[in-house]
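1. my questions concern the predicted model and sequence given below.
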Amino acid sequence: MARAHFTDDFDYAVVGRSVTISYKAGRDYTVKRDCLDKAIAAGKATELPAPSRPEAGHGG
């Protein structure tokens, strides 16, 4: 999984299924790597860094 910021609306056709997921411009989503790669190639998204996680044992 990857984090994406969509700069334009993007429709992702799920491989092997008759499903299309619509992502809206200006929003951040967690997406499959394949989706992010296609959206970046289309110029409609940028990759976001992974969110930081609390250190183990600190009960965050």
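-> Ah, there it is. Residues are numbered from 1 along each chain as shown.
2. would you map the strands across the protein?
-> Under the criterion DSSP state E, strands of the chain are mapped to 2-6, 10-13, 20-23, 28-31, 45-48.
3. contacts for the longest one next, please.
-> Right, the one you point to is strand 2-6. Contacts of strand 2-6 from elsewhere in the structure, counted by C-beta atoms under 8 Å, 6 or more residues apart in numbering, are 23-33, 35-36, 39, 44-51. Heads up, the C-betas are built off the backbone N, CA and C, glycines and all.
4. ok, back up a step: how about the strands of the chain in TSV, adding mean neighbour count and mean pLDDT?
-> Formatted as TSV, these follow (neighbours: other C-beta atoms under 10 Å; pLDDT from 0 to 100):
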stretch	mean neighbour count	mean pLDDT
strand 2-6	18	97
strand 10-13	16	97
strand 20-23	13	97
strand 28-31	17	96
strand 45-48	17	98
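5. distance check, residue 25 against residue 34.
-> Note on residue 25: its distance to residue 34, by C-beta to C-beta, to the nearest Å, is 20 Å.
6. check residue 23 too.
-> 13 Å.
7. residue 18 too?
-> Separation of residue 18 from residue 34 (C-beta to C-beta) stands at 17 Å.
8. more neighbours: which of the two?
-> Under the criterion of other C-beta atoms under 10 Å, the comparison of residue 18 against residue 34 puts residue 34 first, with 12 against 6.
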